[in-house]
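1. Please work out how this folds:
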Amino acid sequence: MPRSDKNVEQSTNPKPNFPWKVKLLMGAFSWISDASFRPNVRVNRRLFNFFDFKVPPSTNPPDGVASSDTTFDPSRNLWFRLYNPTPTPTGGDPNDVVGMPVIVFFHGGGFVIGQANSIWVDKEARQLARELRAIVVSVNYRLAPEHRFPCQYEDGFDALRFIDEMDGDDLPANADLSRCFLAGESAGGNLAHNVAVRAGGYGFKRVNLLGLIAIQPFFGGEERDESEIRLSWGPTLRLDWTDWFWRAFLPDGSDRDHPAANVFGPNAGEISGVKFPAAIVIIGGCDLLRDRDMRYCEGLKRSGKEVCLVDYPNAVHGFWSMGVRPEYCLFLEQVREFMQKQMAE
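-> Residues are numbered from 1 along each chain as shown. Now for the predicted structure:
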């Protein structure tokens, strides 16, 4: 796939020390992506699916997190995978007694790739459920370019409405919707933000949003940030890919200052009067989205929203899904502390 911005020079990038297995996976992903993302903004789904392995739900898994699938709109093929961790052997976790918080999770992939049953998405959601002792609802939303903006935002919000209206027989008995969080990685972080904005004006019956967990969220803009230039040829995310993703997702004729990409940019709406949950934003020093994510935090603060910025200087884009330590362990601990703080208030 040709680079989309000829004026951006490839620069010397930080070189994090990855295990050899991770390097092989990154190389394979880079090759299959370049071959699948076509210059005419089409995706060779058949080719990409050779790399995007799918896994079924598991009712009796060895890691103690059971999963099941629920379809909530067959006409749009909308469904989610629900993860329910089994009680701790000692029963010492208070969530096992009073009910577990619910995390509604949106996967990454530039709005273009990934599904709730993709092996890497399943791994991420399962980790959240196990390590945070939470019910995780991983939403399978429609993908671009076949389905462009605002389809993904509509799908995410409709999933939240469906969860709000589920009766007691459909939700696990230990799911506490009064302690609900939105979470998303990369494009899923962008999606979670927009669902949170829309949810602020909706009257839910049982869902009470306490927090937003944005993991290296995917935002953009026409003016290049320093980190986009410096890390344009990053080890896990490249600038030409992000430009391609925006062209695939945004309406025809739009530029990267569209409010879906540049949420606090020149064309964005005002959210200071919108009810919005407290947010934790995870960024990485070796991620080309770093400066965009810092601008996002600044925009939330200017709008009067509570936000906690967590910066891992050596983290690349997608460090969490790769299990790269020590950031992986720190990430889980800091998200756990954020959730506990919001649930205690």
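2. pLDDT below threshold where in this protein?
-> 1-22, 88-98, 168, 324 (pLDDT under 70).
3. try it again with 90
-> 1-36, 48-52, 59-63, 86-99, 167-171, 233-236, 314, 319-329, 345 (pLDDT under 90).
4. At which residues are the helices of it located?
-> 20-36, 45-48, 95-98, 119-132, 151-165, 187-199, 226-230, 239-249, 290-302, 319-322, 327-344 (DSSP state H).
5. Residues in contact with the fourth one: which ones?
-> By that I understand helix 119-132. Helix 119-132 is touched from outside by 52-55, 61, 63-65, 67, 81, 83-85, 101, 103, 105, 107, 114-116, 134-136, 138, 183, 185, 320-321, 332, 335-336, 339, with contacts defined as Cβ atoms under 8 Å, 6 or more residues apart in numbering. Just so you know, the C-beta spots here come from the backbone N, C-alpha and C atoms, and that holds for glycine as well.
6. winner for burial among the helices of the chain?
-> Ranked by mean neighbour count under mean count of other Cβ atoms under 10 Å, those are led by helix 187-199, which reaches a mean of 25.
7. gap between it and the chain center?
-> 9 Å (Cα atoms, centre = their mean, to the nearest Å).
8. Can you name every helix or strand that it contacts?
-> strand 100-106, helix 151-165, strand 175-185, strand 209-215 (3 or more Cβ pairs under 8 Å, 6 or more residues apart in numbering; DSSP states H and E).
9. Of the contacts of helix 119-132, grab the buried ones for ChimeraX.
-> The following ChimeraX line selects those of those that are buried, judged by 16 or more other Cβ atoms under 10 Å:
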select :52,65,67,81,83,84,85,101,103,105,107,114,115,116,134,135,136,138,183,185,320,321,332,335,339
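10. Of all the helices and strands packed on helix 187-199, which one comes closest to Arg238?
-> strand 175-185 (17.3 Å; Cβ to Cβ).
11. That closest one: how far from the chain's middle?
-> For strand 175-185, the distance to the chain centre is 13 Å (Cα atoms, centre = their mean).
12. would TSV of the helices and strands packed on helix 187-199 with distance to Gly200 be doable?
-> Putting the helices and strands packed on helix 187-199 into TSV (distance: least, Cβ to Cβ, whole Å) gives the following:
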stretch	distance to Gly200
strand 100-106	15
helix 151-165	11
strand 175-185	11
strand 209-215	8
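13. So which of those is nearest Phe276?
-> Of the helices and strands packed on helix 187-199, nearest to Phe276 by Cβ to Cβ is strand 209-215, at 7.7 Å.
14. Name the strands paired with the closest one and say parallel or antiparallel.
-> strand 175-185 (parallel), strand 278-286 (parallel) (DSSP bridges).
15. quick check, distance from it to the centre of its chain.
-> For strand 209-215, the distance to the chain centre is 10 Å (Cα atoms, centre = their mean).
16. what angle separates that strand from strand 100-106?
-> 50 degrees (axes from the mean of the first three to the mean of the last three Cα atoms, to 10 degrees).
17. Between helix 290-302 and strand 209-215, find me the angle.
-> Using the same axes, to 10 degrees: strand 209-215 against helix 290-302 is 160 degrees.
18. got the angle between strand 209-215 and helix 151-165?
-> With the same axes, to 10 degrees applied, the angle from strand 209-215 to helix 151-165 works out at 140 degrees.
19. Please work out which residues outside strand 209-215 touch it.
-> By Cβ under 8 Å, 6+ apart, strand 209-215 touches 101, 103, 179-186, 188-189, 192-193, 196, 199, 276-282, 293, 296, 320, 331, 335, 338-339, 342-343.
20. Including distance to Tyr312, could the helices of the chain go into CSV?
-> Shown next, in CSV, are those (distance: least, Cβ to Cβ, whole Å):
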stretch, distance to Tyr312
helix 20-36, 16
helix 45-48, 29
helix 95-98, 27
helix 119-132, 17
helix 151-165, 26
helix 187-199, 15
helix 226-230, 14
helix 239-249, 20
helix 290-302, 10
helix 319-322, 7
helix 327-344, 4
